[in-house]
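Peer 1: coords please:
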Amino acid sequence: MSLKLSLRGSAIAALSLISILCSADVGLGQGQTYNSGSNGSDGALNLTTPGTIIFDPKSFNPPLNPAGDNVYNFTTINIAGGVTVKLTSKVLSGPVYWLAQGAVTINGTIDLNGEDGHPNSNLTGVRVPASGGAGGYSGGVGGALISGQPNLPAPQPGNGPGGGLAPTTPGQNSAGGNATYTGSQFLIPLIGGSGGAGGNDSGDGNGYFGGGGSGGGGAILIASSVSITYGGVIRANGGTPGTGGSNYGGGAGSGGAIRLVAPVISDANPNANGDGRCYTGVYHGALQATGSASEAPGANGVIRLEAFDLSQVTRGCVGSGTAGTAVLASLPFNASVPVTGPSLLKVTSINGIAINANPFSFPDAVINSGGPVTVNVQAQFIPVGVVPKIIVTSEFGTTQTIDCSALQGTLQQSACSGSITFLTGASRGFVKATWTQ
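Peer 2: Residues are numbered from 1 along each chain as shown. I've put the predicted structure just below:
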């Protein structure tokens, strides 16, 4: 038997934290200072060449953030007009923290949107989870629940603590498939949006799977000791769910989180568009963290501005359609960056075959075995004792959910293994873990 398998890691953390902050309309504070906490070790982030840049710290020369904790210590930040910086969970595990000693100027676009869900299809290979923005969670793939056909792959729930619920009976639509946002209004801890659930077959048995759920918006903190000025766009919207055709579409991912902290925050073009705008398009000076503008959108995320002076900022939803995201304001508060790296899961080998360094290439492994094989998983900053789940969808069979052994090792690095019998043909899958701390 020849099998091709592509696995990718994700981790879901259900966190609880009590935080107390004062929230109020903020005016000019004379002589007041704020320290972002940046030590300047990553130098200046100055992106001026028009086009889209996938933000990968390893691609910079020298590489950024050698600690790998997603906390970047810049001197200044400048994103020029015409530049789009994409922050995706395909590259970055966990929320992103940009700290700057000097001024932050954003005239281009910082994009933490979740990916759109896959369309309905009769091809199993199309059923790929839609990734979240960096710090957000992926959507569930569509499936088919049909009476008398038990071997069809079922729709999968959205990932994340507020992931959408998947259909559980034949002919059931994706009601409940839209994701909720579970972060606090203070964005401490910083958490992104959850993914929408996959859609279902309508019950007609036409051989098509429902559309996929979309990814959740990501999460970013930008803090400056001097000022933040944005004439461009920072967006952390949930993706658009996959269409259903004659079947059911997927659920929508929720919006993510945007937190800006500085002594002075200014919208460089405050009359053009309001923060929390209701729908997408071309913007100048806007912040967005909405659920997808579908018929049944995912929940909105949170946008938070913290400064002594917000007099040059336009807040509130502008335009028509689905209500936009509320924009909260307060005096500056500590950036509250994490003291450890982001949680991470990855498959290291299958049946003794090492997996590619890039988990999004396909195939990762070719296995000739009709019996159970061992899948080895490595984890970082996930509590020891947690039992991850390995979820594999085969081209010609049902979706298998296998418990890994309990994680053993240390919080910094641990491992587990599971035994899986793969079916003939291509298989895709991922690993996830949930815990409370």
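
Peer 1: show me the contacts for residue 411.
Peer 2: Going by CB atoms under 8 Å, 6 or more residues apart in numbering, residue 411 touches 340, 381, 382, 383, 384. Any C-beta I mention is one placed from the backbone N, CA and C, and that applies to glycine too.

Peer 1: make it 10 Å
Peer 2: Going by CB atoms under 10 Å, 6 or more residues apart in numbering, residue 411 touches 340, 343, 379, 380, 381, 382, 383, 384.

Peer 1: Just the residues you listed: which are in helices?
Peer 2: Assigned to helices by DSSP state H, none of those qualify.

Peer 1: Lowest-confidence member of those residues, which is it?
Peer 2: Lowest-confidence member of those: residue 340, scoring 83 (pLDDT).

Peer 1: What's the local residue count around the spatially closest residue to that residue that is not a sequence neighbour?
Peer 2: In space, and not counting its chain neighbours, residue 340 is closest to residue 381: 5.1 Å by CB to CB, 6 or more residues apart in numbering. Counted with other CB atoms under 10 Å, residues neighbouring residue 381 total 20.

Peer 1: Now for residue 381: which residues touch it?
Peer 2: By CB under 10 Å, 6+ apart, the residues touching residue 381 are 11, 13, 69, 93-94, 338, 340-344, 410-414.

Peer 1: which among the residues you listed end up buried?
Peer 2: Buried by 16 or more other CB atoms under 10 Å: 11, 13, 69, 93, 94, 338, 341, 342, 343, 344, 414, out of the contacts of residue 381.

Peer 1: Save the contacts of residue 411 as JSON lines, and put in distance to residue 58 too.
Peer 2: JSON lines is the format used below for those (distance: CB to CB, whole Å):
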{"residue": "340", "distance to residue 58": "20"}
{"residue": "343", "distance to residue 58": "19"}
{"residue": "379", "distance to residue 58": "21"}
{"residue": "380", "distance to residue 58": "16"}
{"residue": "381", "distance to residue 58": "19"}
{"residue": "382", "distance to residue 58": "22"}
{"residue": "383", "distance to residue 58": "27"}
{"residue": "384", "distance to residue 58": "28"}
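
Peer 1: quick one: contacts for residue 117?
Peer 2: Residue 117 sits next to 128-130, 138-142, 158, 177, 195-199, 210-215, 239-244, 249-253, 292, 294 when contact means CB under 10 Å, 6+ apart.

Peer 1: and what of residue 81?
Peer 2: With contacts defined as CB under 10 Å, 6+ apart, residue 81 is in contact with 48, 50, 106, 107, 108, 109, 231, 232, 284.

Peer 1: Return the member of the residues you listed nearest to residue 268.
Peer 2: Nearest to residue 268 among the contacts of residue 81, counting by CB to CB, is residue 231 at 3.0 Å.

Peer 1: neighbours around the residue lying closest to the closest one once chain neighbours are set aside, how many?
Peer 2: Closest residue in space to residue 231, ignoring its immediate chain neighbours: residue 268 at 3.0 Å, by CB to CB, 6+ apart. Counted with other CB under 10 Å, the neighbours of residue 268 add up to 15.

Peer 1: Do I have it right that residue 268 meets residue 312?
Peer 2: Yes. Between residue 268 and residue 312 there is a contact at 8.3 Å, judged by CB atoms under 10 Å.

Peer 1: Check the contact lists of these two and give me the overlap.
Peer 2: Common neighbours of residue 268 and residue 312 (criterion: CB under 10 Å, 6+ apart): 229, 285.
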